[in-house]
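Student: Below is the sequence, then the predicted model.
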Amino acid sequence: MTEKKRTTIILFSGDYDKAMAAYIIANGAAAYDHEVPIFHTFWGLNALRKDEHISVKKGFMEKMFGKMMPRGANKMGLSKMNFAGFGPKMIKDVMKKHNAMTLPQLIEMAQEQDVKLVACTMTMDLLGLQQEELLDNIEYAGVAAYLADAEEGNVNLFI
Amino acid sequence: MTEKKRTTIILFSGDYDKAMAAYIIANGAAAYDHEVPIFHTFWGLNALRKDEHISVKKGFMEKMFGKMMPRGANKMGLSKMNFAGFGPKMIKDVMKKHNAMTLPQLIEMAQEQDVKLVACTMTMDLLGLQQEELLDNIEYAGVAAYLADAEEGNVNLFI
Amino acid sequence: MTEKKRTTIILFSGDYDKAMAAYIIANGAAAYDHEVPIFHTFWGLNALRKDEHISVKKGFMEKMFGKMMPRGANKMGLSKMNFAGFGPKMIKDVMKKHNAMTLPQLIEMAQEQDVKLVACTMTMDLLGLQQEELLDNIEYAGVAAYLADAEEGNVNLFI
């Protein structure tokens, strides 16, 4: 019996372009039959937010963070040339022209390919994000679960 | 005899949040009995600076860099939502509320757990940082030492 | 017969300092006889651009991207303390003073050491970059080629 290969990704970044890179690698690895967990931590958690407003009880600071952070993958900015939101529009226009998949489509494809989407519970606490606000069918875990996956990983990336 | 697992981290970033992620992973890995060297290079060296002013002889450019860069982990900014220093205050407030460890505490814990803190001598030269300005009980090395550690590492991350 | 060790790098970043770190690690690994492919994707592609203007047919958006992005390694900005281009000048001044290699020199050295420079074709399409605009003697590939290299890699970094 041959063991499955594994690619693990920590998605720390909340940038549209970096999240795209993460999900393109993840979908590629899944297509080559790797096990692929993506651990979303800090700003990377925003890629997992539902795009509608979810009413949950929060403290003042948590509400502030909730308002200031992008609600879902489609609203994330670029790491470079963001130009107050103009950059993401440009990128999305060229992506459309080249029939490239958008970030929300890449995330959907990852879920269909059984990429394991994990939200880091420690940083959810810090940023005041609750499970109701995040996509369905994701997992919740901490650094121990990440290390258990990564120490047997063939490819481990921090993005 | 079973060999020890190893997690290596290059901390390139000088952002408070990214350094937190690095040290949380490092402390987690050390708790699972991994060998954990963290190579601090470029802006990541600032996490190792003492927070008081240390009087050392420097050229003009080196003095400029020294003044412009944050003096120690506690003074580092955020990679996102820094808002001229308001963001770090918000994050530190929520961390306090959730009894999360601060970055200086995470670094102290790493030292207690025998995480090997390494300063990259080549970038120390470039940025004009001298050993007297950095924390005690750290090591000094270059890319060759990093590669020797990383090529046998289970998990290797660039943060 | 012993197998060659391998260090793979994804260079996503278009920052001078991050690209320097990538190429210092790559040259170090090549000196220790590793196979070293560097996959340039998104803004990292700019490190491979020729510095002169190359006349190629492009659509409007592609022309815009071409104009807004730095043309070649020497024109890239810093990830920190860029100060509208003043930061790179400072760094380059101290590098000169310390006889450190510039980024274009590091890239040249990498080519001499047979580091495999790869341009990601998918993001070349997105950003409208054409082969004529990039350095000679590089390779063109996608995520599948990256994964094939990385899954046997000793050290895999995303920079």
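Tutor: Nice, I can see it.

Student: which residues does the residue lying closest to A:Glu151 once chain neighbours are set aside contact?
Tutor: Nearest non-adjacent residue to A:Glu151, counting by C-beta to C-beta, 6 or more residues apart in numbering or on different chains: B:Asn154, 4.4 Å away. For every residue, glycine as well, the C-beta is placed using N, CA and C. Applying C-beta atoms under 8 Å, 6 or more residues apart in numbering or on different chains, we find B:Asn154 in contact with A:150-153, B:5-7, B:34.

Student: what do you get for A:Leu127?
Tutor: Applying C-beta under 8 Å, 6+ apart to A:Leu127 gives the contacts A:42, A:45, A:62, A:65-66, A:69, B:94.

Student: Relative to chain C, how far out is the closest residue to A:Arg49 other than its chain neighbours?
Tutor: In space, and not counting its chain neighbours, A:Arg49 is closest to A:Gly72: 4.7 Å by C-beta to C-beta, 6+ apart. Distance, A:Gly72 to chain C, using C-beta to the nearest C-beta, to the nearest Å: 21 Å.

Student: pLDDT wise, what is A:Gly72 at?
Tutor: We have a pLDDT of 96 for A:Gly72.

Student: Now that it has come up, it's in contact with A:Asn46, right?
Tutor: Yes: using C-beta atoms under 8 Å, A:Gly72 makes contact with A:Asn46 at a distance of 7.2 Å.

Student: Check the secondary structure at the spatially most central residue of chain A for me.
Tutor: Per C-alpha atoms, centre = their mean, the C-alpha nearest to the average position across chain A is that of A:Ala47, at 4.2 Å. Using DSSP: H, G, I helix; E, B strand; the rest coil, the structure places A:Ala47 in helix.

Student: quick one, what contacts the residue of chain A found nearest chain B?
Tutor: Nearest residue of chain A to chain B (C-beta to the nearest C-beta) works out as A:Val143 at 3.8 Å. By C-beta under 8 Å, 6+ apart, A:Val143 lies in contact with A:120, A:122, B:24-25, B:28.

Student: now do A:Ile25
Tutor: Contacts of A:Ile25 by C-beta under 8 Å, 6+ apart are A:7, A:9, A:157, C:10, C:143, C:146-147.

Student: how about it, phi and psi?
Tutor: phi -60, psi -40 (degrees, to the nearest 10).

Student: picking that back up, is it possible to get TSV of the contacts of B:Asn154 that adds pLDDT, secondary structure and neighbour count?
Tutor: Shown next, in TSV, are those (pLDDT from 0 to 100; DSSP: H, G, I helix; E, B strand; the rest coil; neighbours: other C-beta atoms under 10 Å in any protein chain shown):
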residue	pLDDT	secondary structure	neighbour count
A:Ala150	98	helix	27
A:Glu151	97	coil	18
A:Glu152	95	coil	16
A:Gly153	98	coil	22
B:Lys5	97	coil	18
B:Arg6	98	strand	18
B:Thr7	98	strand	27
B:His34	98	coil	21
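
Student: Closest to chain C out of those residues?
Tutor: Nearest to chain C among these: A:Gly153, at 9.2 Å, using C-beta to the nearest C-beta.

Student: how close does that closest one get to C:Val155?
Tutor: 13 Å (C-beta to C-beta, to the nearest Å).

Student: again, but for A:Met68
Tutor: From A:Met68 over to C:Val155 the distance is 36 Å, taken as C-beta to C-beta.

Student: More neighbours: which of those two?
Tutor: C:Val155 (24 against 13; other C-beta atoms under 10 Å in any protein chain shown).

Student: close enough to count as contact, that one and C:Ala29?
Tutor: Yes: applying C-beta under 8 Å as the test, C:Val155 and C:Ala29 come out as touching, 7.1 Å apart.

Student: Mind listing the shared neighbours of these two?
Tutor: Shared contacts of C:Val155 and C:Ala29, defined by C-beta under 8 Å, 6+ apart, comprise B:147, C:7.

Student: With adjacent residues omitted, what lies nearest to A:Asp15?
Tutor: A:Ser79 is the one closest to A:Asp15 (C-beta to C-beta, 6+ apart), at 3.9 Å.

Student: The one you found and A:Met20 touch, don't they?
Tutor: No: in this structure, A:Ser79 is not within contact of A:Met20 by C-beta under 8 Å, at 10.4 Å.

Student: and the residue nearest to A:Glu35 when sequence neighbours are not counted, what does it touch?
Tutor: With C-beta to C-beta, 6+ apart as the criterion, A:Glu35 has its nearest non-adjacent residue at 4.4 Å, and that residue is A:Arg6. By C-beta under 8 Å, 6+ apart, the contact list for A:Arg6 reads A:34-37, A:149, A:152-155.

Student: and if we set it to 6 Å?
Tutor: Neighbouring residues of A:Arg6 by C-beta atoms under 6 Å, 6 or more residues apart in numbering or on different chains: A:34-35, A:153-154.

Student: And it, how close does it get to C:Asn154?
Tutor: Relative to C:Asn154, and taking C-beta to C-beta, A:Arg6 is found at 16 Å.

Student: hmm, whatever helix or strand A:Phe39 lives in in reach of chain B?
Tutor: Per DSSP states H and E, A:Phe39 falls inside strand A:37-40. No: using C-beta under 6 Å from any C-beta of the partner chain, we find that strand A:37-40 stays clear of chain B, coming within 10.0 Å at best.

Student: quick one, phi/psi of the residue nearest to A:Gln130 when sequence neighbours are not counted?
Tutor: Closest residue to A:Gln130 apart from its sequence neighbours, by C-beta to C-beta, 6+ apart: A:Val56 at 4.9 Å. The phi/psi pair for A:Val56 (degrees, to the nearest 10) reads phi -130, psi 150.

Student: where does chain A dip in pLDDT?
Tutor: Across chain A, the ranges flagged by pLDDT under 70 are A:1-2.

Student: cutoff 90 now
Tutor: When residues are selected by pLDDT under 90, those of chain A lie in A:1-3, A:52-54, A:59-65, A:68, A:80-91, A:93-94, A:97-98.
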